[in-house]
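In: this one's structure only:
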């Protein structure tokens, strides 16, 4: 990817967007790892996101769209191009119609979860404690406790590479376990419509508290122990009657918790969570540890673990690095 010239950014500046330079990617993700982004534009509303996408197309400039970076490992070398960070903490829904609630996809997922519970709306409580934006959760088909985003999603609205606005149904999104067609089509999700049902506020609050307590018992707080959630996908069930097999089980059997590479280590409470153990931890440390763990599980169990975490940029030892992979 070519390094941007000042003239490449003039159309954005002329349109009123603030362009920031050399922002550390480590400040844009929960792993708190990564080199500088050459250019960054922060965006909070669907309309502005659409204007940005159209400007990129009109000026033949590619850009990477980020949410809160809760499922990304950024390169130590940074990113030599434009990054758009689409994040907002304003929790007001855009519209409600027949039990379908439309939200800004830039919203922090936990802001939406809390808003729904406070308003007696059920469907989001299973996502209590999961970091990231609502849009990011949809693109990655996030889930917990047997519930995935596709189960409560009505539709998504977003922009294609030409900056044209589209509404896509659940069927159009190509969902699979921790994946979607949207992720691979470079479709910028701007709004999300969810199917939420009336529920008992007291019960929903109790569920919210219970789930947060269960997560706290096994998951580190990324603000004090930088990390991403589950690093590898759980395994497909061996029969239609069984649940997915936890990757953490096979990792623990393979001695994952004793493995370290540089400043990277495995969280002692959960073998499928890699952590930034020391401040000098690098993306190369994390990626190397991940490959080591995959090799250990392959040797012991004959199982190929697949990353849930996506990488951005050039990371030594990895086979691709010209975007998300």
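Out: Looks like it arrived, so ask away. Keep in mind it's a predicted model, so treat the numbers as computed, not measured.

In: all helices of the stretch 1-150 of the chain, in order?
Out: Remark: helices assigned in the stretch 1-150 of the chain by DSSP state H, counting those that start in this stretch are 6-14, 46-58, 109-118, 134-139, 149-152.

In: so for the longest one, what gets flagged as buried?
Out: Think helix 46-58. By 16 or more other Cβ atoms under 10 Å, the buried positions in helix 46-58 come out as 46, 48, 49, 50, 51, 52, 53, 54, 55, 56, 57. C-beta coordinates here come from the backbone N, C-alpha and C atoms, glycine included.

In: for the stretch 201-325 of the chain, just list every one of the strands.
Out: Using DSSP state E, counting those that start in this stretch, the strands found in the stretch 201-325 of the chain span residues 260-261, 264-266, 274-276, 310-312.

In: tell me who's in contact with the spatially most central residue of the chain.
Out: Nearest to the mean C-alpha position of the chain, counting by Cα atoms, centre = their mean, stands residue 71 at 4.0 Å. Applying Cβ atoms under 8 Å, 6 or more residues apart in numbering, we find residue 71 in contact with 132, 136, 140, 228, 229, 308, 309, 310.

In: report pLDDT for it.
Out: Looking at residue 71, its pLDDT reads 95.

In: any idea how the protein splits into domains?
Out: Listed by automatic domain parsing, the domain ranges of the chain are 6-86, 95-199, 220-312.

In: what's the closest of those to residue 207?
Out: Closest of the domains of the chain to residue 207 is domain 95-199, at 4.6 Å (criterion: Cβ to Cβ).

In: what's the offset of the closest one from the middle of its chain?
Out: 12 Å (Cα atoms, centre = their mean, to the nearest Å).

In: the closest residue in space to residue 8 that isn't next to it in sequence and residue 118: what is the separation?
Out: Of all residues not flanking residue 8 in the chain, residue 61 sits nearest, at 5.9 Å (Cβ to Cβ, 6 or more residues apart in numbering). To residue 118, residue 61 is 41 Å away according to Cβ to Cβ, to the nearest Å.

In: neighbours around the closest residue to residue 263 other than its chain neighbours, how many?
Out: In this structure, residue 263 finds its nearest non-sequential neighbour in residue 281, 2.8 Å apart by Cβ to Cβ, 6+ apart. If you count neighbours by other Cβ atoms under 10 Å, residue 281 ends up with 22.

In: check contacts around residue 281.
Out: Contacts of residue 281 by Cβ under 8 Å, 6+ apart are 33, 226, 262, 263, 264.

In: can you say which of those residues are buried?
Out: 33, 226, 263, 264.

In: was I right about the last one contacting residue 280?
Out: It stands for residue 264. No. When contacts are counted by Cβ atoms under 8 Å, residue 264 is not listed as touching residue 280 (10.4 Å).

In: who touches both of those two?
Out: Common neighbours of residue 264 and residue 280 (Cβ under 8 Å, 6+ apart) do not exist.

In: that older thread, rebuild the buried ones among the contacts of residue 281 as CSV, extending it with pLDDT.
Out: Shown next, in CSV, are the buried ones among the contacts of residue 281 (pLDDT from 0 to 100):
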residue, pLDDT
33, 98
226, 97
263, 97
264, 98
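
In: hang on, isn't residue 130 packed against residue 124?
Out: No. Using Cβ under 8 Å, residue 130 is not in contact with residue 124; the gap is 10.0 Å.

In: list the contacts of the helix or strand of the chain with the lowest mean pLDDT.
Out: Within the chain, no helix or strand scores below strand 95-97, which has a mean of 86 by mean pLDDT, DSSP states H and E. Contact with strand 95-97 is made by 101, 102, as judged by Cβ under 8 Å, 6+ apart.

In: cool, and stretch 112-123?
Out: 91, 93, 101, 103, 124-125, 127-128, 134, 152, 194-201, 204-205, 208.

In: got a quick ChimeraX command for the buried subset of those?
Out: The buried subset of these, as determined by 16+ other Cβ under 10 Å, is captured in ChimeraX by this line:
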select :91,93,101,103,124,125,127,128,134,152,194,196,199,204,208
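
In: quick one, what contacts residue 305?
Out: Contacts for residue 305 (Cβ under 8 Å, 6+ apart) come out as 232, 233, 247, 250, 251, 293, 294, 297, 298.

In: test my guess that residue 263 contacts residue 283.
Out: No. Using Cβ under 8 Å, residue 263 makes no contact with residue 283, being 10.6 Å away.

In: closest one to residue 320 among the domains of the chain?
Out: domain 220-312 (8.1 Å).

In: coming back round to it: I'd like to know how far the residue nearest to residue 8 sits from residue 7.
Out: 11 Å.

In: show me where pLDDT drops low in the stretch 101-250 of the chain?
Out: 238-243 (pLDDT under 70).

In: go again using 50 as the cut-off
Out: 239, 241 (pLDDT under 50).

In: who's in contact with the closest residue in space to residue 147 that isn't next to it in sequence?
Out: Spatially, and ignoring its direct neighbours in sequence, residue 147 is nearest to residue 126 (4.0 Å; Cβ to Cβ, 6+ apart). With contact taken as Cβ under 8 Å, 6+ apart, residue 126 is in contact with 143, 144, 145, 146, 147, 211.
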